[in-house]
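Student: any chance you can model this:
(2 chains)
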Amino acid sequence: MSRYSHLGLSGMLICCAAGLIAQTGREAYRQAYDVWRQAHGDLERDAGTGGPAQVAQADRAAAAAASFEAARIAHLKSSAEEAAQRRQLVFQNSPTRPSADVAPEATAGVVASGLQTVTRAIARFAGDKDRGIQQLRQSLERERVALVALSDSIQANQKSVAATSAAAAALDEASAKTKEAFGDQAAQLSQSVTQLEKESAAWADYYQQLARAIQVANAPPPPVNVISAAPRNDALPRVPLPRFVGAWTYPMSNGIFHGAQPEFVDLVVHEQNGHADGTLYGRFKPPPGSAIDPVVRFDFQGDFSGTAMQKFTLVTTDGAQGTLELIPGPAFNLLEVNFQTEPKVNKIRAANFILVKK
Amino acid sequence: MKRVALLGVLGLVIVSAQTPDLATLEQTAQKRNAEWESIAKDLSERMARILPCDPRYAAGITEVSRASEARLAALADYLKAASAQAFAETATAKILLDTEERRAVEVTMERADTGQEQTAVDTQSDALAQSVKQRSSLEDPRKVLEQIAAMVRQRAAASEQQVGATDTAVRLLRDLIAKFDARDAALRDESVAFEAERTRWNGYYAARLARAQTECAITQIGVQAAPARSKGKQ
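Tutor: Numbering: from 1, shown residues only, chains lettered A, B, ... in the order given. Alright, predicted model coming up:
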């Protein structure tokens, strides 16, 4: 049985998994993991004696592994993005601390001076028996009492201002430390994503080699009509051109993307003598309130290489240059697209998504 | 999770929409302070050159008293806005703590997931090593699987570190919340102390004005008594 005859089954598996990938929670990748383990079964044990059934099983397991890895990566990336947004609310600006300039210490000087004047006047009139002067002295006494109370209040307030400053300084210090700790954590999360991406590629390679190893033992010659993207004497793994060439589109529902969300994308890839050219036309959901142009259109070209990932140069209709990466998806009818262009005002400059073959 | 974060943002937006710009309030407070200080400093000297019953005497004290009230009102507005902003920050930080604590639990579960993946890949490696004995063509995929096993082990170790880093970050965040609370408590104390000082300033200017009235009154006693005495002499 040819590997290609199992595409329908693998496709079904992918469709189920695609629904899971659209979610990004832990449950989603756990479900994808269970699907993978179920599809995988005892493949290694059976590989020693197995035949076409194990080749088909390897195909299914490869698709399920890719779905799991994609779900897990999506979960990690989504967690990282959400965490970054949440943390930005707290750490973007320094914590508020009232300015000390609004309560200058000169007020204490004004009061001290007034108190001195009043105290001197009271002393001057201390022994005077005149009724009017006695009234004035009583009035001065009341003023002195008010000034003493005010002076005490100013001192108490100055102490409270100093206490707020100290608390704000301690808060600043703790905020910087916490921000740094979250930065370290985010860096580790980013490393985990990179690691998972490597693992994902390794799993695809593993299942491909495993299926090939079982096929070699049972029916060694590969199909003769498979066109290789790599030169015949290239030692690198050869990827069939149909994995890249043709018309591709973004699925209407449960699409997988990272970054800008596509509304629709059409991609056409042509090949002639190992040279690729084509066009991508798409529309993306702009962020709310953004003036960004949602439409992206560019032509690309370049030579196919022997690696799984193909990289071409692109030029948008606005003249921006950039690169386009095409990566075979977990199934034959899936293609991951990753493009980046030089920055242009109000233009989308990067996107990453998976297309389905038309 | 997103909804909680959204509420936090909304809280900040509401706070920022309700309170004027802090910098503007600070400038106003400084301006009012300068205005008051310029006339309050030499109040005694200025009053010494004016007779107590001269209308300019009471007017001079009233002017300083009003400038003082304006200064204290501007300062109160500034403190109120600063406190509102500070309290909103604390609320947002508490929401963050809540979500980070839940995230920490999830990271622990993810570590367990990675452990499970590691066990699975080790089991696969052992099984394939056995199968290689039956079919030598499996040697190449076996090597790839070994590499994957190494990568998963590396990720499991990283996952362990991630748990540690998350715990540390959450612990620091808890400490930070305590610092936010301490700052807010200090701000509340400052507001209370400020209001007490504000009341005392008003009390002082009332006493100063009362003294001016006494000064005028005792001067008037002399003026009213003088004609009576001269009449008696005639």
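
Student: report how many residues lie close to residue A:39.
Tutor: Under the neighbour criterion other Cβ atoms under 10 Å in any protein chain shown, residue A:39 is assigned a count of 23. To be clear about C-beta, it is placed using only N, CA and C from the backbone, and glycine gets the same treatment.

Student: ok, the one 4 residues further on next?
Tutor: Taking other Cβ under 10 Å as the neighbour definition, residue A:43 ends up with a count of 22.

Student: ok, and the closest non-adjacent residue to it?
Tutor: In this structure, residue A:43 finds its nearest non-sequential neighbour in residue A:57, 5.7 Å apart by Cβ to Cβ, 6 or more residues apart in numbering or on different chains.

Student: SS state for the residue in the stretch 101-250 of chain A that chain B sits nearest to?
Tutor: Distances from the stretch 101-250 of chain A to chain B, computed as Cβ to the nearest Cβ, single out residue A:132 as the nearest residue at 3.3 Å. Put simply, residue A:132 is helix when judged by DSSP: H, G, I helix; E, B strand; the rest coil.

Student: again, but for residue A:74
Tutor: helix.

Student: isn't it right up against residue A:256?
Tutor: Yes - at 7.3 Å, residue A:74 counts as touching residue A:256 under the criterion of Cβ atoms under 8 Å.

Student: tell me the mean pLDDT over the longest helix along chain B?
Tutor: Taking residue count as the measure and DSSP state H as the definition, the longest helix of chain B comes out as helix B:139-233. The predicted model assigns helix B:139-233 a mean pLDDT of 87.

Student: now swap in stretch A:153-162 and tell me
Tutor: Mean pLDDT, stretch A:153-162: 92.

Student: buried ones in it?
Tutor: Taking 16 or more other Cβ atoms under 10 Å in any protein chain shown as the basis for neighbour counts, the residues of stretch A:153-162 that come out buried are A:153, A:154, A:156, A:157, A:158, A:160, A:161.

Student: pLDDT at residue A:96, what is it?
Tutor: pLDDT, residue A:96: 90.

Student: next: residue B:39.
Tutor: For residue B:39, the model assigns a pLDDT of 89.

Student: likewise residue A:125?
Tutor: Looking at residue A:125, its pLDDT reads 89.

Student: how about the closest residue to it other than its chain neighbours, secondary structure?
Tutor: The spatial neighbour of residue A:125 that comes closest, neighbours along the chain excluded (Cβ to Cβ, 6+ apart), is residue A:137 at 4.5 Å. Going by three-state DSSP, the secondary structure assigned to residue A:137 is helix.

Student: what is the neighbour count of residue A:137?
Tutor: Residues lying near residue A:137 (other Cβ under 10 Å) number 19.

Student: now swap in residue B:84 and tell me
Tutor: Residues near residue B:84, counting by other Cβ under 10 Å: 18.

Student: just to revisit the earlier point, for the residue nearest to residue A:43, identify the helix or strand it belongs to.
Tutor: Counting by DSSP states H and E, the element that carries residue A:57 is helix A:52-91.

Student: what's that helix packed up against?
Tutor: Packed against helix A:52-91 by the contact rule (3 or more Cβ pairs under 8 Å, 6 or more residues apart in numbering or on different chains; DSSP states H and E) you find helix A:7-22, helix A:26-40, helix A:43-47, helix A:131-218, helix B:2-18, helix B:55-134.

Student: which neighbouring elements make contact with the following helix or strand past the fourth one?
Tutor: Which is helix A:131-218. Beyond helix A:131-218 in the direction of the C-terminus, DSSP H and E gives the next helix or strand as strand A:246-249. The contact analysis (3+ Cβ pairs under 8 Å, 6+ apart) places strand A:246-249 against strand A:261-272, strand A:350-357.

Student: now with 10 Å, please.
Tutor: Using 3 or more Cβ pairs under 10 Å, 6 or more residues apart in numbering or on different chains; DSSP states H and E as the contact test, the elements touching strand A:246-249 are strand A:261-272, strand A:275-285, strand A:334-341, strand A:350-357.

Student: looking at these, which is nearest to residue A:251?
Tutor: The stretch from the helices and strands packed on strand A:246-249 with the least distance to residue A:251 (Cβ to Cβ) is strand A:350-357; that distance is 5.1 Å.
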